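Asker: how does the following fold in three dimensions:
(one chain, ligands or ions: 2)
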Amino acid sequence: LASKEVKVEPSIIRISDAVSIGGKEIIVMAGPCSVEGEEQIIETAKAVKAAGAQVLRGGAFKPRTSPYSFQGLEEEGLKLLAKAREITGLPIVTEVVNPETADLVAEYSDILQIGARNAQNFALLKKVGQLRRPVLLKRGMSMTIQEFLMSAEYVLSEGNQSVILCERGIRTFETATRNTLDLSAIPVLKGMTHLPVIADPSHGTGNYHYVAPMALAAVAAGADGLMIEVHPDPERASSDGPQSLKPKKFDALMTKLRLVAESV
Ligand code: PEP
Ligand code: MN
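Answerer: Ligands and ions are numbered 1, 2, ... in the order given. Just a heads-up that it's a prediction; the model follows:
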C-alpha cells in the first residue's frame, strides 16, 4: 500500500485545517524532547511558532534507554501540550509507547509518533493503524529501508492511510555523531513510496552544532518536512539537551531553510 506502484501521486496528509504535509510547503515540527512543565512548553511553543514552525512536538511518554532516566509527565504532559495548542494554534505531535495508552494519546494529539525503538512493535503499529490520527513513523535505528516500509505497511493495512515516514539516523560504526543520519534514505524513499518523508537531524546527529547543516541538507535532498528539538534552556533539559537548539538558533535556521526550500 505504501508503494508508488499502487499510487503514483504523492499523498498529502491533513494534520489540521491549516496544516498538511506532503504538498509544496516544508512542514517543520519543533519543540522540546520532553514536556517538562507548563512554562517550558508554552514558552517553547510560542518561540517555535514565531520562528515559523507549523507543528509543536513534545514527549509526554518517553521511551528511555535507562529505566532510571526521566520517563515523561505522561497524561499531565498531554494536558500541557493541549494547552500550548490552545494558546498558539499549533497542532501537536507526541509519542505513543504502547497499545494500552494509544487511545489516551490520540485524545490529545494531532499526530501519533511511533519512536525508533518501537518501529517494529507490530502490536503497537496495528493499534495506531486502527486509530483515526496521522502517524509519524520513525525509522528504527537498525532498520533497512525495506523493513521501514513494511512497518508502514502494518499501519496502512489496518486502514489508516495517513502515515509520515521519518529518517532519524541509524546505527553505524561512527561514534562522532549519536547516529548516522541517512540522507540518502530521503530520495530512496521518495522514489519508492507516495508517503511524505521527513528528517530528524536532532536525533540523527545528537549534537546541536550539526542540526542546522543537516536540516538544510535534508530539505535539499527532498524531505517534505523536519522534526527539530528546541529547548529554552538545553543545559537543564530532562532529555536530549545536547542536541536541542535554543530558540534563537532555531529562528536563524528557519530563515536559511526558507532560502533552501525556495530553490528546490
Ligand atoms: C524523540 O523524538 O524524542 C525520540 C525519542 O525519537 P527517536 O524515537 O527517534 O529516538
Ligand atoms: Mn528526543
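Asker: you'd agree residue 76 is in a strand?
Answerer: No: applying DSSP: H, G, I helix; E, B strand; the rest coil, one finds residue 76 to be helix, outside a strand.
Asker: what parts of this protein come near ligand 1?
Answerer: Neighbours of ligand 1 within the chain, by CB under 6 Å from any ligand atom: 33, 59, 63, 115-117, 138, 168, 200, 203. Where C-beta positions appear, they are placed from N, C-alpha and C, glycine not excepted.
Asker: out of those residues, which are buried?
Answerer: With burial judged by 16 or more other CB atoms under 10 Å, the buried subset of the residues of the chain next to ligand 1 is 33, 59, 115-116, 138, 168, 200, 203.
Asker: got a markdown table for those, with distance to residue 230, pLDDT and secondary structure too?
Answerer: A markdown table is the format used below for those (distance: CB to CB, whole Å; pLDDT from 0 to 100; DSSP: H, G, I helix; E, B strand; the rest coil):
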| residue | distance to residue 230 | pLDDT | secondary structure |
| --- | --- | --- | --- |
| 33 | 9 | 98 | coil |
| 59 | 13 | 98 | strand |
| 115 | 18 | 98 | coil |
| 116 | 19 | 98 | helix |
| 138 | 18 | 98 | strand |
| 168 | 16 | 98 | coil |
| 200 | 13 | 98 | coil |
| 203 | 13 | 98 | helix |
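Asker: how about those residues in JSON lines, adding distance to residue 50?
Answerer: JSON lines is the format used below for those (distance: CB to CB, whole Å):
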{"residue": "33", "distance to residue 50": "20"}
{"residue": "59", "distance to residue 50": "22"}
{"residue": "115", "distance to residue 50": "28"}
{"residue": "116", "distance to residue 50": "29"}
{"residue": "138", "distance to residue 50": "27"}
{"residue": "168", "distance to residue 50": "25"}
{"residue": "200", "distance to residue 50": "22"}
{"residue": "203", "distance to residue 50": "24"}
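Asker: quick one, helices of the stretch 51-200 of the chain?
Answerer: 75-88, 102-108, 122-130, 145-156, 185-192 (DSSP state H, counting those that start in this stretch).
Asker: and residue 262, which of those helices is closest to it?
Answerer: Comparing those against residue 262 with CB to CB, the closest turns out to be helix 185-192 (18.3 Å).
Asker: please report the distance of residue 211 from ligand 1.
Answerer: 13 Å (CB to the nearest ligand atom, to the nearest Å).
Asker: if we can go back for a sec, near ligand 2, from the buried ones among the residues of the chain next to ligand 1?
Answerer: residue 33 (CB under 5 Å from the ion).
Asker: which one of the buried ones among the residues of the chain next to ligand 1 is nearest residue 262?
Answerer: Using CB to CB, those come closest to residue 262 at residue 200, 22.4 Å.
Asker: OK, contacts around the residue of the stretch 1-150 of the chain found nearest ligand 2?
Answerer: Residue nearest to ligand 2 within the stretch 1-150 of the chain: residue 33 (3.2 Å; CB to the ion). Counting by CB atoms under 8 Å, 6 or more residues apart in numbering, residue 33 makes contact with 58-59, 62, 202, 229, 231, 237-240, 244.
Asker: JSON lines please, covering those residues and showing secondary structure and distance to residue 252.
Answerer: Shown next, in JSON lines, are those (DSSP: H, G, I helix; E, B strand; the rest coil; distance: CB to CB, whole Å):
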{"residue": "58", "secondary structure": "coil", "distance to residue 252": "22"}
{"residue": "59", "secondary structure": "strand", "distance to residue 252": "25"}
{"residue": "62", "secondary structure": "coil", "distance to residue 252": "28"}
{"residue": "202", "secondary structure": "helix", "distance to residue 252": "16"}
{"residue": "229", "secondary structure": "strand", "distance to residue 252": "16"}
{"residue": "231", "secondary structure": "coil", "distance to residue 252": "16"}
{"residue": "237", "secondary structure": "coil", "distance to residue 252": "20"}
{"residue": "238", "secondary structure": "coil", "distance to residue 252": "25"}
{"residue": "239", "secondary structure": "coil", "distance to residue 252": "24"}
{"residue": "240", "secondary structure": "coil", "distance to residue 252": "20"}
{"residue": "244", "secondary structure": "coil", "distance to residue 252": "15"}
